[in-house]
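> need a structure here:
(one chain, ligands or ions: 1)
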Amino acid sequence: MAAPIISVSETDKLVAEKLCSFVVEKANKAIEQRGIFTVGFSGGSLVKYLCGGLPGRSTDWSKWRVFFCDERHVQYDSADCTYTPYKEGLVDKVNMNPDNIFPIDPSLKVFPGDGLPQFDMLLLGMGPDGHTCSLFPGHPLLEEKEKIVAPISDSPKPPPARVTMTLPVVNNCRCAVFASCGEGKADMVQRVLEGGESPPLPAARVRPIDGELHWFLDAGAASKLKHKM
Ligand SMILES: O=C(O)[C@H](O)[C@@H](O)[C@H](O)[C@H](O)COP(=O)(O)O
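The predicted structure follows:
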């Protein structure tokens, strides 16, 4: 398991800029090597970073396949939906074929465990409690080993009903990327990256087995790290 590669930028705008350059660089390498780039998006601030920074970049969007690390169990027209702002803020803007973005189907109830998919990249956020995807501290889903996607009905972060990738899928990716900004995340970033807690916080459990792990932070979120980058 590779050690996390931490990049600190002064502001969240610079984080988004650096993050999007990194995503496109990895996408173009994947397309060159395997003809396709499979990526998972998360909700929260990442929507703003990616929709703000990806349109206009030089990549073959027809080779992208977009999935979701987690999604709220709401209809597509709900303000809580993660898919819709990406559809409007990225897919439609770059004329990506809508057939190449795979929203969670809210009508599905069971997510049978298939073979473990390997994503080229999973783009993750971290909540103030150290959650990532919809995997929350102390939640039994953290121990899920069979399902590749699982429902949760008691998310402490509203809305309560969500579906999420599980850790076996997340840790099977080629490259896991966190983007976290703001002083409000500083304590948790320090605990996740330097705390070595047991049991580990959800975001600290993201350690791709054969993949890379990157953290893009702004100065605020990195301000409590003891080992300055
Ligand atoms: O749909 C969601 O709620 C997200 O997938 C969630 O895991 C998010 O990434 C974190 O809560 C961080 O969100 P912020 O970066 O906005 O704090």
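> other SSEs contacting the longest helix anywhere in the chain?
Identified as the longest helix of the chain according to DSSP state H is helix 12-34. The contact analysis (3 or more Cβ pairs under 8 Å, 6 or more residues apart in numbering; DSSP states H and E) places helix 12-34 against strand 5-9, strand 37-41, helix 45-53, strand 121-124, strand 175-180, strand 212-218. All C-beta spots, glycine's among them, are computed from the backbone N, C-alpha and C.
> Run through the residues of the chain sitting next to the ligand.
Along the chain, the residues adjacent to the ligand under the rule Cβ under 6 Å from any ligand atom are 42-46, 70, 82, 125-127, 131-133, 157.
> Give the buried subset of those as a ChimeraX selection command.
Selecting in ChimeraX just the buried members of the residues of the chain next to the ligand, where the criterion is 16 or more other Cβ atoms under 10 Å, is done with this command:
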select :42,43,44,45,46,70,82,125,126,127,131,132,133
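> Quick check: the farthest pair among the residues of the chain next to the ligand?
The two members of the residues of the chain next to the ligand with the most space between them (Cβ to Cβ) are Thr82 and Met126, at 15.6 Å.
> where does the chain dip in pLDDT?
Within the chain, the stretches falling below the threshold (pLDDT under 70) are 105-114, 228-229.
> Pick out the residue nearest the middle of it.
Averaging the C-alpha coordinates of the chain gives a centre point, and the residue nearest to it by Cα atoms, centre = their mean is Leu124 (2.1 Å).
> circling back to that earlier point, got TSV for the helices and strands packed on helix 12-34, with distance to Ser198 too?
Listed next are the helices and strands packed on helix 12-34 as TSV, based on distance: least, Cβ to Cβ, whole Å:
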stretch	distance to Ser198
strand 5-9	22
strand 37-41	27
helix 45-53	28
strand 121-124	21
strand 175-180	21
strand 212-218	19
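> out of these, nearest to Asp187?
Asp187 lies closest to strand 175-180 among the helices and strands packed on helix 12-34, at 11.7 Å (Cβ to Cβ).
> and after that closest one, which helix or strand comes next?
Tracing the chain past strand 175-180, the next element assigned as helix or strand by DSSP states H and E is helix 186-190.
> CA atoms of that following helix as CSV?
Taking C-alpha atoms only, helix 186-190 is exported to CSV below (Å, rounded to 0.1, in the frame of the first residue of the first chain):
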residue,chain,number,x,y,z
ALA,A,186,-7.9,20.6,9.9
ASP,A,187,-8.3,18.5,13.0
MET,A,188,-9.8,15.6,11.1
VAL,A,189,-7.2,15.8,8.4
GLN,A,190,-4.5,15.6,11.0
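> what's in contact with it?
Outside of helix 186-190, the residues that reach it under the criterion Cβ atoms under 8 Å, 6 or more residues apart in numbering are 126-130, 180, 201, 203, 215, 217, 220-226.
> Would you confirm that Glu144 contacts Met165?
No - no contact is recorded between Glu144 and Met165 when judged using Cβ atoms under 8 Å, the distance being 10.0 Å.
> So for these two, which residue has more residues nearby?
The neighbour count for Glu144 versus Met165, taken as other Cβ atoms under 10 Å, is higher for Met165 (30 against 19).
> For stretch 76-92, buried residues please.
Burial within stretch 76-92, assessed by neighbour count using 16+ other Cβ under 10 Å, is assigned to 81-87, 89-91.
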